[in-house]
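Novice: Fold the stuff below for me.
(2 chains)
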Number of protein chains: 2
Amino acid sequence: MSQTLEPTAQTDATGQSDPTATAEGWFGQFERALAARDIGAATELFATESYWRDLISFTWNLKTVEGRGGVADLLTSTLEATSPSGFELTEPADEADGVVTAWFRFETAVGRGRGLLRLVDEDGPRAFTLLTTLYELKGHEEPRNEHRPKGAEHGATKDRRSWLEKQQEEIDSFGSTTQPYVLVVGGGQGGIALGARLRQLGVPSLVIDKHPRPGDQWRSRYKSLALHDPVWYDHLPYLKFPENWPVFTPKDKIGDWLEGYTKIMEVPYWSSTTATSASYSPDTGAWTVEVEKEGQPITLRPTQLVLATGMSGKPNVPQYPGMEAFRGDQHHSSAHPGPDAYAGRKCVVIGSNNSAFDICGALWEKGADVTMVQRSSTHIVRSASLMEYGLGDLYSERAVKAGVTTEKADMIFASLPYRIMHRFQIPAYEKMAQVDKDFYDRLASAGFDHDWGDDGSGLFMKYLRRGSGYYIDVGSADLVANGDVKLAHGHVDHLTEDSVVLEDGTRLPADLVVYATGYGSMNGWAADLIDQETADRLGKVWGLGSDTTKDPGPWEGEQRNMWKPTNVEHLWMHGGNLHQSRHYSLYLALQLKARFEGLDTPVYALQEVHHTG
Amino acid sequence: MSQTLEPTAQTDATGQSDPTATAEGWFGQFERALAARDIGAATELFATESYWRDLISFTWNLKTVEGRGGVADLLTSTLEATSPSGFELTEPADEADGVVTAWFRFETAVGRGRGLLRLVDEDGPRAFTLLTTLYELKGHEEPRNEHRPKGAEHGATKDRRSWLEKQQEEIDSFGSTTQPYVLVVGGGQGGIALGARLRQLGVPSLVIDKHPRPGDQWRSRYKSLALHDPVWYDHLPYLKFPENWPVFTPKDKIGDWLEGYTKIMEVPYWSSTTATSASYSPDTGAWTVEVEKEGQPITLRPTQLVLATGMSGKPNVPQYPGMEAFRGDQHHSSAHPGPDAYAGRKCVVIGSNNSAFDICGALWEKGADVTMVQRSSTHIVRSASLMEYGLGDLYSERAVKAGVTTEKADMIFASLPYRIMHRFQIPAYEKMAQVDKDFYDRLASAGFDHDWGDDGSGLFMKYLRRGSGYYIDVGSADLVANGDVKLAHGHVDHLTEDSVVLEDGTRLPADLVVYATGYGSMNGWAADLIDQETADRLGKVWGLGSDTTKDPGPWEGEQRNMWKPTNVEHLWMHGGNLHQSRHYSLYLALQLKARFEGLDTPVYALQEVHHTG
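Specialist: Here you go, the predicted structure:
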């Protein structure tokens, strides 16, 4: 490694720049500064505009700090306890457009980490982005490969119990002879992925879900539903989809996968179980969670409570005058059974996001007379374009062939600071606007109110900021564009016994009304389960503080309350799409494991609460 | 490639031998000889002692030919139709102990193949072993990776059916509006693996099984059962066990895996379905198979019938005088419920192979008074020693780390000709005898009648030759060695109302008698389902013709009737352990696919039938 004091770009014998030597030189200086606890020297290694994102390795938090001031602040609080060392490249560094990119590993006092560094030239190579993540705790490594369990116990032991008996005893013991350390409420992909990781980490945990079987969260939804994200984006931890798995998984098939996965990973899981109330007692250091398991009341006393009921866990059903008088069928999109009963019937779908389009399309396919009511502008991207320009570099067969495994893609994605992510997103959506110009023109001609996000940054930023306001088009947008699905605009004023009446007086005759009106907040779910005071203390869940529609400022830098310590001790929020469930469940599981093992977990810069609800 | 006419060992610039150049030179000559249809020249490239094993790529058969005469015969029959080309190394060749080993690919007129070559020096490099295998048919490649199905169908289509509806319609249609091209009777690991491959190949197929759920073949057996083979040996096609899967899978856990796998792979599978009769009509070109599905009779008319009921599909229950008078419990090992009801009771287990030991051990652990009745000598190896010396180079974490994937291990294993396999096996068992000498001495002191196979070649050869006669010790052998489980010798003469009486007059008081007496032949199962004439025409199933105990000569070179054309047209046998189910299901599936597509499949050297039963 370089012995110079100032960071220096390295060249090889032929005078070509040598990104590996440059990155190794940077890490050499960084490590020496950290070892000497010389925060000033370490800070100097960052560029004026720079971002350090840490996922629990220094901060026991998910935290992005900005600029040298942020770096200094982070190190001042965390350096002594973290005691990092052993920074090493794990493969040769790359250089493109003047940016050196380097994958690395490192250690802390308690664990092992990996990360991704980007260097720019600013009087020598300085960090533009640094991602540091913890992946395992020393002495608590997961049993894999040569450390995998033996399974059948060899030898002869009196009164041996079989694997099945032990599984059954464990799952039956919760709430009677034992208590889970972690209770995860909600057993969709989020709860299941977290449950699998906690199982591997040996943390006594229980996942509960109201549905009869794992996967019913998907099975129970409208018939035409399929994942809008492609297979490479959707893997769960430990067990990847096989090479013949379809690109866009039909909902019943992902249901089957989740059910099989739960068994394969031995996730302790109670189906048909509803949590009815929860309260935390500082005296006992435990929650009291009342649940009904197949109708029987059981009291659980976990130390940590994770809400994984999801962004789509609490249907948002609007209240309109006249709903009680309406004689046809009416239900929220989450309760829509599919189109079979509605051939030839008049159907009105309130809303114009993903569910609304999917349901309109399926109703039209069955021969219904369908009207979509657009209440506000919606962002639409064509699925193929999103795959090509939005995800293709990270999550695609092309990416896999280029060596970008799902694990690497997750790290690359995590390494892009939220503060500047829109900068990288805008060009992709400009490209889509260009290649699909005809499509957008036709939508406009049909009167559809389309937007690209407040700053033109498109779908993924909308998802991160507000979790709504878009449709990934898999065919139904054309039905609106060509008039097969009729379009109405405005808000609902009231219902009559046979129609929906909009505020402008438009009357839409209806045999069926579907409220594709989205979902209530995760904070609201916490209020229902615990109480409003606790929910207010928790604060708003999701969003970045981007000061765009439905994501008020100030800037917070990370998604509010997700996968990290909240202002309600012992309460955690988990969720998101399959990508987030996979990636962030690791950090949440390690935070819970550390607490279970009694490790010191000083949280740097616990988020402030700026918004309730 | 070398242009010399005689095969020549190649050296690099420094005079070191260059195995890659040597192998490339050999393939250059081989390909030129084959292209010129010069069978004499091709034959000259083989050593005096040589073996060419082909898995359906030249022969549409599983066939090993021996020596230059065998090679000439094979090529004379197959060369013109096969029209092989494009022989190419897929990685640099290795050299060890004077043997050059080379992985290669090639093509035939109809498909793509891969193989493994070993060259020895006999006036230049000549083939000692050649393995050629077909892995796909041109124009019928499996949809994987960039060719995977799209899943959700984008666009809008009137009267679209969902994935679930299509699955259900397909599975319900068999026997009414459609017929499977292939009917697989038996849905254990063999039937499921074959069903998965046929599904991927687009061959309309149905797997039926008598149990209520996939995996019940394992779940329904005695409680202490676990796989005796380690995880690396047990993967199924397409979806590997995850890295945290236990080494020795408990039986209920492998049951869950098989059930999940069946769903994930969309294997068309009828549970609770028994085949009651089958007959083939040359006039219609189809079988008539009567089945009972959940008690309802259905007639299926498949073109191809696969029996995958397994080597353990037909319990062999002995008939002894007095059985009807015995007042305690008595059952075959396959029906043994486990030890729970037998604490403190007197238990006699007839037999001394795997099931007998497992059941004796579990009964002892529960506190039963257990006697094992040994009727003939048994071969025992300790599990850890078998892993280390028998399987470790191919199927272990060590092997995986050395680059020996399961796929490579399967090919290496397949490349060792059965004729000389015992030569490679004997040293491993000599090693085990040495390291476990104390163990074997203690067994001998306890009076246990132990053998190492007729020629000392141990467990795997016993498995291939007769499928019985051994125990992989996971702890119960010590119970016999130290007298915790009592040992009796000889054959049963009769039962009384409360005891088992041996031929030498020994009387064993018994509350429970377990007949761990093995399983009937697969041929017997064919006789039951079809008729004796057909079973006799089929001939003995399993075994090599090694002229050792229970495997009469003459030498046949491949396992009788398994995974290849039989003398009963349209009837196929499939089975074996997880390794064989995985590996050989590929060749069986391709044979069936080729026939389904109407390809010409001339079978070289159809096996002769030397034995019935």
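Novice: Mind giving me the packing neighbours of the lengthiest strand in chain A?
Specialist: When chain A is parsed with DSSP state E, its longest strand is strand A:125-137. Judged by 3 or more C-beta pairs under 8 Å, 6 or more residues apart in numbering or on different chains; DSSP states H and E, strand A:125-137 is in contact with helix A:19-35, strand A:46-55, strand A:99-107, strand A:111-121, helix A:406-415, helix A:578-596. C-beta here means a position set from N, CA and C on the backbone, and glycine is covered the same way.
Novice: could these go into TSV alongside mean neighbour count and distance to residue B:172?
Specialist: Output for those, formatted as TSV (neighbours: other C-beta atoms under 10 Å in any protein chain shown; distance: least, C-beta to C-beta, whole Å):
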stretch	mean neighbour count	distance to residue B:172
helix A:19-35	21	60
strand A:46-55	22	49
strand A:99-107	20	51
strand A:111-121	21	50
helix A:406-415	19	36
helix A:578-596	23	31
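Novice: re earlier: next SSE after the longest strand of chain A?
Specialist: helix A:163-173 (DSSP states H and E).
Novice: Quick check: buried residues in that following helix?
Specialist: Across helix A:163-173, burial judged by 16 or more other C-beta atoms under 10 Å in any protein chain shown covers A:163, A:164, A:167.
Novice: Any figure for the gap between the closest residue to residue A:518 other than its chain neighbours and chain B?
Specialist: Distances taken as C-beta to C-beta, 6 or more residues apart in numbering or on different chains put residue A:316 closest to residue A:518, at 4.9 Å, once the chain neighbours are dropped. Residue A:316 sits 25 Å away from chain B, going by C-beta to the nearest C-beta, to the nearest Å.
Novice: can you check residue A:558 too?
Specialist: Applying C-beta to the nearest C-beta to residue A:558 and chain B gives a distance of 30 Å.
Novice: and if you look at residue A:431?
Specialist: 20 Å.
Novice: my read is that residue is in a helix, agree?
Specialist: Yes: per DSSP: H, G, I helix; E, B strand; the rest coil, residue A:431 lies within a helix segment.
Novice: pretty sure it is touching residue A:392, no?
Specialist: No: using C-beta atoms under 8 Å, residue A:431 makes no contact with residue A:392, being 11.2 Å away.
Novice: what pLDDT does residue A:11 get?
Specialist: On pLDDT, residue A:11 comes in at 75.
Novice: That one and residue A:18 touch, don't they?
Specialist: Yes: taking C-beta under 8 Å as the definition, residue A:11 is a contact partner of residue A:18 at 5.6 Å.
Novice: Which parts of the stretch 401-550 of chain A are strands?
Specialist: Secondary structure of the stretch 401-550 of chain A (DSSP state E, counting those that start in this stretch): strands at A:470-473, A:486-489, A:492-495, A:499-502, A:507-509, A:512-515.
Novice: Would you mind giving those as CSV with mean neighbour count added?
Specialist: Shown next, in CSV, are the strands of the stretch 401-550 of chain A (neighbours: other C-beta atoms under 10 Å in any protein chain shown):
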stretch, mean neighbour count
strand A:470-473, 24
strand A:486-489, 18
strand A:492-495, 19
strand A:499-502, 21
strand A:507-509, 15
strand A:512-515, 24
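Novice: Minimum distance to chain B: which of the ones you listed has it?
Specialist: strand A:470-473 (8.2 Å; C-beta to the nearest C-beta).
Novice: what packs against the closest one?
Specialist: Against strand A:470-473 (3+ C-beta pairs under 8 Å, 6+ apart) you get helix A:354-365, strand A:379-382, helix A:458-465.
Novice: related to what we said a few turns ago, keep only the buried residues of helix A:163-173 that also lie close to chain B.
Specialist: Restricting the buried residues of helix A:163-173 to those touching chain B (C-beta under 8 Å from any C-beta of the partner chain) yields A:163, A:164, A:167.
Novice: Quick check: chain neighbours aside, which residue is closest to the first one?
Specialist: Counting by C-beta to C-beta, 6+ apart, residue B:250 is the residue found nearest to residue A:163 once chain neighbours are left out, at 3.5 Å.
Novice: Quick check: bridge partners of the one you found?
Specialist: residue B:226 (DSSP bridges).
Novice: Which pLDDT does the model give it?
Specialist: pLDDT, residue B:250: 95.
Novice: Same check on residue A:373?
Specialist: Confidence score, pLDDT, at residue A:373: 98.
Novice: Other residues contacting the helix or strand harbouring it?
Specialist: For residue A:373, the host element (DSSP H and E) is strand A:369-374. Here strand A:369-374 makes contact (C-beta atoms under 8 Å, 6 or more residues apart in numbering or on different chains) with A:344-352, A:356-357, A:360, A:363-364, A:448-449, A:479-480, A:484-490, A:492, A:500, A:502, A:508.
Novice: Intersect these with the contacts of chain B.
Specialist: Of the contacts of strand A:369-374, the ones that also sit near chain B (C-beta under 8 Å from any C-beta) are A:364, A:479, A:484.
Novice: Spatially nearest residue to the last one, not counting backbone neighbours?
Specialist: By that I understand residue A:484. residue A:364 (5.7 Å).
Novice: pLDDT (mean, whole number) over stretch A:349-369?
Specialist: 95.
Novice: need the residues of the stretch 451-600 of chain A near chain B, please.
Specialist: A:474, A:475, A:476, A:478, A:479, A:484.
Novice: Indicate which one of the helices and strands packed on strand A:470-473 is closest to residue B:88.
Specialist: Shortest distance between residue B:88 and those, using C-beta to C-beta, is found for strand A:379-382: 41.3 Å.
Novice: what about that closest one and chain B, any contact?
Specialist: No: on the criterion C-beta under 8 Å from any C-beta, strand A:379-382 is out of touch with chain B, staying 9.0 Å away.
Novice: ok so, going back, distance to residue B:536 and mean pLDDT added to the helices and strands packed on strand A:125-137, as JSON lines?
Specialist: As requested, the helices and strands packed on strand A:125-137 are exported to JSON lines (distance: least, C-beta to C-beta, whole Å; pLDDT from 0 to 100):
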{"stretch": "helix A:19-35", "distance to residue B:536": "71", "mean pLDDT": "98"}
{"stretch": "strand A:46-55", "distance to residue B:536": "69", "mean pLDDT": "98"}
{"stretch": "strand A:99-107", "distance to residue B:536": "65", "mean pLDDT": "98"}
{"stretch": "strand A:111-121", "distance to residue B:536": "65", "mean pLDDT": "98"}
{"stretch": "helix A:406-415", "distance to residue B:536": "55", "mean pLDDT": "96"}
{"stretch": "helix A:578-596", "distance to residue B:536": "56", "mean pLDDT": "97"}
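Novice: Buried residues of stretch A:416-428, list them for me.
Specialist: Result for stretch A:416-428 [16+ other C-beta under 10 Å]: buried residues A:416, A:417, A:418, A:419, A:421, A:422, A:425, A:426, A:428.
Novice: For these, please prepare TSV with the additional fields pLDDT and distance to residue A:172.
Specialist: Formatted as TSV, those follow (pLDDT from 0 to 100; distance: C-beta to C-beta, whole Å):
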residue	pLDDT	distance to residue A:172
A:416	95	45
A:417	95	46
A:418	97	44
A:419	97	49
A:421	96	46
A:422	96	50
A:425	96	49
A:426	97	54
A:428	96	51
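Novice: between these, which is nearest chain B?
Specialist: Closest to chain B, out of all of the buried residues of stretch A:416-428 and judged by C-beta to the nearest C-beta, is residue A:428, at 20.0 Å.
Novice: about what we covered before: my guess is the residue nearest to residue A:163 meets residue B:226, correct?
Specialist: Yes: using C-beta under 8 Å, residue B:250 is in contact with residue B:226, at 4.9 Å.
Novice: and for the two, which residues touch both?
Specialist: Joint contacts of residue B:250 and residue B:226 (C-beta under 8 Å, 6+ apart) are A:151, A:152, A:163.
Novice: So, low pLDDT: which residues of chain A?
Specialist: Residue ranges of chain A with pLDDT under 70: A:1-7, A:13, A:312-313.
Novice: mind checking the end-to-end distance for stretch A:512-522?
Specialist: By C-alpha to C-alpha, to the nearest Å, the extent of stretch A:512-522 from end to end equals 29 Å.
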